[in-house]
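A.B. asks: Generate a structure from the sequence data that follows.
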Amino acid sequence: MPEKPLQVLLVEDNPGDARFLQEMLTEADIHDLSLHWVDELKKALACLHTGNIDVVLSDLNLPDSHMLDTFLELQKNAPSLPIVIMTGSFEEEQWAAEALRQGAQDYLIKGKIDAHMLLRTLRYAIERKRHQEVLKQYSTKLEGANHLKDLFMDIMRHDLMNPLAVIKQAAQLLKDTSKKEEDKQSLLAIDQSINKITEMIMGAQVYAKLEDVQKLTRKKISLTEILRNVVHNFQVQAKEKKITVELRAVEDIFCMAHSMIENVFSNLVSNAIKYSPESKKVEVGLTEEGPLLKIYVKDWGCGIPKDVKPKLFTRFQRADRLGIKGTGLGLAIVKRLVELHQGKVWIEDNPEGGSVFCVEIPR
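C.D. replies: Model prediction:
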């Protein structure tokens, strides 16, 4: 079955130019185009409203409309149709170029058109416009998905965190007043589960926020001081496992960073303590390497298999070590924050057993 001819709306106030295009197509024996000629913008708009047009071929200078206004009015009334501009002067060519920036698919210069060029230009215009419309629909769907994601994060942050806080307080109260050791252990398990859920919600919230960020505002900060704070903050957690956390950084070293960079080192130190056996140590170090700063967190734990290392920085990927399970978001947050600082993060083996998480960022 032969293809239906392209229905082309020709908007041209010069009868001679319109007749020339029609005769040119006839002489070239091209039957793939069907021209519908009108000589005014108002007639073109009426024709567009019939819905039978595939592409618009329009002059810019018409009796009832001039230059860019012509294109903008056509585009307003037929936003999904491809529009090709025809020009006959240098001034009109400048306006045609502006129409391209505003959404026209192409422009042709009168007197320099042949039948096959016209057919090819119009077909390409239709294909480009079709792809643009597909991308536009995809973009709209993405916006809707992002809205749902934001709504979901709001629900988690407010509608879930509040009941969790109430449950946690009730469990703590019951644990403090209970006299049975069995009840205390059950309530402790509830409290720990609530902490894990809270950690998951907070991690998901941070990761969702970072996914939408392309650039962080940075200022001069003492990286040494941040590492001191991180080591200090985890002393209680380390003491519970009889783990020593050491900081190897003698003098203050400054860099341009966002305050969220502290999350990177908090996560790495927390993991090192969590996955290390009791009575081991964790070492945090900071070294200068030219224009770069290298921060490492070394543990003497069970180590990480080579094939697992690249996967750890992907969200919801995790290596379960010593029977301990994480949320699968912590290291994804680390990677994203480091990337936003134009840095990189990787894992090395500790020659003495265990792992070394390395972060490299510019000063």
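
A.B. asks: going forward, measure contacts and count neighbours with C-alpha atoms only.
C.D. replies: OK.

A.B. asks: any idea how far the residue nearest to Gln214 when sequence neighbours are not counted lies from Ala18?
C.D. replies: In space, Gln214 comes closest to Leu340 once its chain neighbours are excluded; the distance is 7.1 Å by CA to CA, 6 or more residues apart in numbering. Computed as CA to CA, to the nearest Å, the Leu340 to Ala18 distance reads 57 Å.

A.B. asks: Check Lys184 too.
C.D. replies: Separation of Lys184 from Ala18 (CA to CA): 91 Å.

A.B. asks: correct me, but Asp299 touches Cys358?
C.D. replies: No: the criterion here is CA atoms under 8 Å, and Asp299 misses it with Cys358 at 11.7 Å.

A.B. asks: of the two, who's got more company?
C.D. replies: Asp299 (28 against 19; other CA atoms under 10 Å).

A.B. asks: Identify the residues contacting that one.
C.D. replies: 272-273, 276, 281-283, 350, 354-356 (CA atoms under 8 Å, 6 or more residues apart in numbering).

A.B. asks: Which strand residues bridge it?
C.D. replies: Val282 (DSSP bridges).

A.B. asks: Could you report the pLDDT at it?
C.D. replies: For Asp299, the pLDDT comes out at 96.

A.B. asks: What's the separation between it and Asn271?
C.D. replies: 9 Å.

A.B. asks: Could you do Ala44 as well?
C.D. replies: Computed as CA to CA, the Ala44 to Asn271 distance reads 68 Å.

A.B. asks: Have a look at those two and say which one is more surrounded.
C.D. replies: The neighbour comparison of Ala44 against Asn271 (other CA under 10 Å) goes to Ala44, with 21 against 16.

A.B. asks: I'd say that one and Leu9 touch.
C.D. replies: Yes: using CA under 8 Å, Ala44 is in contact with Leu9, at 7.5 Å.

A.B. asks: who touches both of those two?
C.D. replies: With CA under 8 Å, 6+ apart, Ala44 and Leu9 have common neighbours Val38.

A.B. asks: Break the chain into its domains for me.
C.D. replies: When the chain is parsed with automatic domain parsing, its domains come out as 6-113, 145-211, 219-362.

A.B. asks: got a markdown table for those, with distance to Ile126 too?
C.D. replies: Output for the domains of the chain, formatted as a markdown table (distance: least, CA to CA, whole Å):
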| stretch | distance to Ile126 |
| --- | --- |
| domain 6-113 | 6 |
| domain 145-211 | 29 |
| domain 219-362 | 40 |
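
A.B. asks: Between its first and last residues, how far does stretch 34-53 reach?
C.D. replies: For stretch 34-53, the separation between the terminal residues is 10 Å (CA to CA).

A.B. asks: can you tell me which helix in this protein is longest?
C.D. replies: Criterion DSSP state H: the longest helix present in the chain is helix 115-154.

A.B. asks: For Val134, find the nearest of the domains of the chain.
C.D. replies: domain 6-113 (10.6 Å; CA to CA).

A.B. asks: Need the distance between the two termini of that closest one.
C.D. replies: The first residue of domain 6-113 is 18 Å away from its last residue (CA to CA).

A.B. asks: With stretch 38-53 instead?
C.D. replies: 13 Å.

A.B. asks: residues in contact with the strand or helix carrying His232?
C.D. replies: Per DSSP states H and E, His232 falls inside helix 223-233. Helix 223-233 has contacts (CA under 8 Å, 6+ apart) with 245-247, 249, 251-255, 262, 265-266, 269, 284, 286.

A.B. asks: tell me which residues in that helix are buried?
C.D. replies: For helix 223-233, the neighbour count (16 or more other CA atoms under 10 Å) marks 223-224, 226-228, 230-231 as buried.

A.B. asks: Tell me which residues are up against stretch 56-63.
C.D. replies: By CA under 8 Å, 6+ apart, stretch 56-63 touches 8-13, 39-41, 66-68, 70-71, 81-87, 92, 96.

A.B. asks: cool, stretch 348-363 as well?
C.D. replies: 254-256, 268, 291-304, 338, 341-347.
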